[in-house]
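**Q** return a 3D structure for these sequence lines:
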Amino acid sequence: MTYPQQGGVAPAAQPAPARPAVPPQAGPPAPDSPSRRAPAPARRTAWAEGTDRVRAAATTEPGRLRIMGALLALLVVAFGALASWQMADRSAAADDVLNNSQPLSSDAADIYRSLADANTAASSGFLAGSRETSATRDRYEKDIRTAAAKLVKAAANAEPDSPSTRTIAELNKLLPEYKGLIERARANNRQGYPLGGAYLRYANDKMQQRMLPAAKDLYTKENQRLRADYADATPYPWAAIGLGVVAVGALLWAQRRQYRRTNRVLNQGLVAATAASAVVLLWLVAGHSVARAELNSSYDHGVRSLDVLHDARIASLNARGNENLTLVSRGAQTKELPDGSQVDLYDYDFERQMGSLTSGLSKAADLADDEAGARPVEAATASMKEWKDRHKVAREADEAGNFQDALDKVIGGKESKPTGECFDQVDASLYRALTQEQKEFRQSAGNGLDAMTGLPVGAAVLAVMAAAGALLGIGRRLSEYR
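**A** Okay, the predicted model is just below:
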């Protein structure tokens, strides 16, 4: 090895050999790196957050007062709304009883009565023949017009596609057919043709078998509608009454709580709220109790009597029609009894209808609750008894072969006391009784409706005032914490 000489130039330094690059090894991240952060918690629901806030507020007296005020206001408003709704529903049903369903029920009874009376007048005119009076003819025409007008009114008030509508349509179809048969019977009878009697019997069969049953069905349906309206109008509003008791109790409890915490006897807002709620509750109970009593009275002393009197009047009309047809048929129509004997069909039906009339007048007398209602029923009963006696004499004459004498005793003649007079007296007495009972019904039902007048609106207004009073009362207490 040779060394450089002194003063010579040193050789250049040689670079160290480079080391191979070693890739950095992955290690744990720093504590504050993003990958080390905890995942964000899920957002809570609004209900849960609200519940927490309410729970937190309930731990302080101001928070409890706010919750109490909100609950009291809500409770009072709910009471007023429920009372208003229930009484509005009952008031509407009572109005239907007075102004809708009961008048329609009476109209349905008038349809039946007009049809039955027209049939009676037609048979009376047929028996009179050339002696038919203008009064008999006018009575028949008036009954037909009345039935037609009542059917139009019933159709206007019936619900579309209801059973009543179909019944009314059927009667509107049958009425002109019946009238046409009567006119044919009259025309043939005036010319002395026996065919007139056949037409009259055919018209009577159409009336008895199709028209009167349809009219009776309409009357029954309208009575059911009337009873349904009574069922909607009379039940106590127990839900509103119960909620009202809870509302008044809650207001009293709130005042007692304030007194125990502050030793202040009265809180004007809460006192006003309690008074308003108590007024609504008392008005609700008293008003509906009076309305219920009056409506029940209108049913017991009005509707029930009207139903019995309508049935009695219809029975008298049917009896008179059968009495006339007994002479028209002259025994051509018979009925076999269970014992095998044969009796005149129309006379048999006459006796059956007179039995219904007797029973109906007895029931009407029991239901009459004053002299004004009892007198016409007593008069009708006396006339009915006289009618039976005269009818018996007329039947004896007819069975003895004295047709003209029997005819005079039925429709009237020289120096005779016809059964027609008794029938007219029975019909007039029953009309007076119906007028009196209708008056009593309208008075009682009107009183029942008046007892509920203003209650739905009054309950709502007082409830709003009570809610405002509760909030003001609680707000006054809250102001002491500010």
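**Q** CA atoms for contacts and neighbours, from now on please.
**A** Noted.
**Q** all strands for the stretch 251-400 of the chain, in order.
**A** 334-336, 342-344 (DSSP state E, counting those that start in this stretch).
**Q** which one of those strands lies closest to A459?
**A** Closest of those to A459 is strand 334-336, at 65.5 Å (criterion: Cα to Cα).
**Q** I'd like the strands of the stretch 251-400 of the chain as CSV, with distance to Y193, mean pLDDT and mean neighbour count appended.
**A** Listed next are those as CSV, based on distance: least, Cα to Cα, whole Å; pLDDT from 0 to 100; neighbours: other Cα atoms under 10 Å:
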stretch, distance to Y193, mean pLDDT, mean neighbour count
strand 334-336, 23, 73, 14
strand 342-344, 23, 79, 14
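**Q** residue closest to the middle of this structure?
**A** Against the mean C-alpha coordinate of the chain, by Cα atoms, centre = their mean, the closest residue is D229 at 2.0 Å.
**Q** for it, which non-adjacent residue is closest in space?
**A** A93 (5.3 Å; Cα to Cα, 6 or more residues apart in numbering).
**Q** the one you found and P456: what is the separation?
**A** From A93 across to P456, the span is 13 Å (Cα to Cα, to the nearest Å).
**Q** also S359?
**A** Here the criterion is Cα to Cα. By it, S359 lies 44 Å from P456.
**Q** and if you look at L151?
**A** When distance is defined by Cα to Cα, L151 is 36 Å away from P456.
**Q** what does A116 give?
**A** For A116, the distance to P456 - Cα to Cα - is 45 Å.
**Q** so those two - more neighbours on which side?
**A** Neighbours per residue (other Cα atoms under 10 Å) separate A116 from P456, with A116 holding more: 29 against 23.
**Q** burial count for the residue lying closest to V280 once chain neighbours are set aside?
**A** Nearest residue to V280 in three dimensions, chain neighbours excluded: A459, at 5.6 Å (Cα to Cα, 6+ apart). Counted with other Cα under 10 Å, the neighbours of A459 add up to 27.
**Q** just checking, A459 touches S84?
**A** Yes: at 5.7 Å, A459 and S84 qualify as touching, with contact defined as Cα atoms under 8 Å.
**Q** quick one: low-confidence residue ranges for the stretch 251-400 of the chain.
**A** The stretch 251-400 of the chain contains residues with pLDDT under 70 at 263-265, 331-332.
**Q** confirm K417 sits in a strand?
**A** No: K417 is assigned coil when assessed by DSSP: H, G, I helix; E, B strand; the rest coil, not a strand.
**Q** give me the pLDDT for it.
**A** You'll see K417 listed with a pLDDT of 79.
**Q** return the residues in contact with it.
**A** 390, 409 (Cα atoms under 8 Å, 6 or more residues apart in numbering).
**Q** that one and G125, how far apart?
**A** From K417 across to G125, the span is 18 Å (Cα to Cα).
**Q** likewise for D311?
**A** 25 Å.
**Q** what segments of the stretch 351-482 of the chain are helices?
**A** For the stretch 351-482 of the chain, the helices defined by DSSP state H, counting those that start in this stretch occupy 371-399, 403-411, 419-451, 455-478.
**Q** what packs against the shortest one?
**A** Helix 403-411 is packed against helix 102-128, helix 304-329, helix 371-399, helix 419-451, with contacts defined by 3 or more Cα pairs under 8 Å, 6 or more residues apart in numbering; DSSP states H and E.
**Q** and the longest helix belonging to the chain, what does it pack against?
**A** The residue-count maximum for a helix in the chain (DSSP state H) belongs to helix 61-96. Counting contacts by 3+ Cα pairs under 8 Å, 6+ apart, helix 61-96 is packed against helix 46-57, helix 212-233, helix 238-262, helix 268-298, helix 419-451, helix 455-478.
**Q** buried ones in the longest one?
**A** Taking 16 or more other Cα atoms under 10 Å as the basis for neighbour counts, the residues of helix 419-451 that come out buried are 419-434, 436-438, 440-451.
**Q** re earlier: mind listing what the residue nearest to the centre of the chain touches?
**A** 93-94, 96-97, 101.
**Q** please redo it, this time with the cut-off set to 10 Å
**A** Residues in contact with D229, defined by Cα atoms under 10 Å, 6 or more residues apart in numbering, are 90, 92-98, 100-102, 223.
**Q** find me the pLDDT at it, would you?
**A** pLDDT, D229: 92.
**Q** surely M465 meets V279?
**A** No: using Cα atoms under 10 Å, M465 is not in contact with V279, being 11.5 Å away.
**Q** and for those two, which residues touch both?
**A** In contact with both M465 and V279: 273, 459, using Cα under 10 Å, 6+ apart.
**Q** of those two, who's got more company?
**A** When M465 and V279 are compared for neighbours, M465 comes out ahead with 19 against 16, by other Cα under 10 Å.
**Q** now do the contacts for that one.
**A** 73, 76-77, 272-273, 276-277, 459, 471.
**Q** now do 8 Å
**A** 273, 276.
**Q** got it, and the one 3 residues further on?
**A** With contacts taken as Cα under 8 Å, 6+ apart, A468 has the following neighbours: 73, 269, 273.
**Q** against S277, how distant is the first one?
**A** In this structure, A73 and S277 are separated by 11 Å, where distance is defined by Cα to Cα.
**Q** mind listing the shared neighbours of the two?
**A** What both A73 and S277 touch, as defined by Cα under 8 Å, 6+ apart, is the set A466.
**Q** which one's more surrounded, those two?
**A** Using other Cα under 10 Å as the criterion, A73 and S277 rank with S277 on top: 28 against 23.
**Q** what about the more buried one, distance to L472?
**A** Taking Cα to Cα as the measure, S277 falls 15 Å from L472.
**Q** and whichever strand or helix holds K150, what does it pack against?
**A** K150 is part of helix 134-157 when elements are defined by DSSP states H and E. For helix 134-157, the packing partners by 3+ Cα pairs under 8 Å, 6+ apart come out as helix 102-128, helix 163-190.
**Q** pull out the buried positions in the longest one.
**A** When neighbours are counted by 16+ other Cα under 10 Å, the buried residues of helix 163-190 are found to be 164-168, 171-172, 174-175, 178-179, 181-186, 188-189.
**Q** what packs against it?
**A** Helices and strands touching helix 163-190, by 3+ Cα pairs under 8 Å, 6+ apart, are helix 102-128, helix 134-157, helix 195-206, helix 212-233.
**Q** which of the ones you listed sits most buried?
**A** helix 102-128 (a mean of 24; mean count of other Cα atoms under 10 Å).
**Q** what average pLDDT does that helix get?
**A** 87.
**Q** which elements pack onto that helix?
**A** Contacts defined by 3+ Cα pairs under 8 Å, 6+ apart place helix 102-128 against helix 134-157, helix 163-190, helix 212-233, helix 304-329, helix 403-411.
**Q** can I get those helices in JSON lines with distance to L251?
**A** JSON lines is the format used below for those (distance: least, Cα to Cα, whole Å):
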{"stretch": "helix 134-157", "distance to L251": "48"}
{"stretch": "helix 163-190", "distance to L251": "51"}
{"stretch": "helix 212-233", "distance to L251": "31"}
{"stretch": "helix 304-329", "distance to L251": "46"}
{"stretch": "helix 403-411", "distance to L251": "78"}
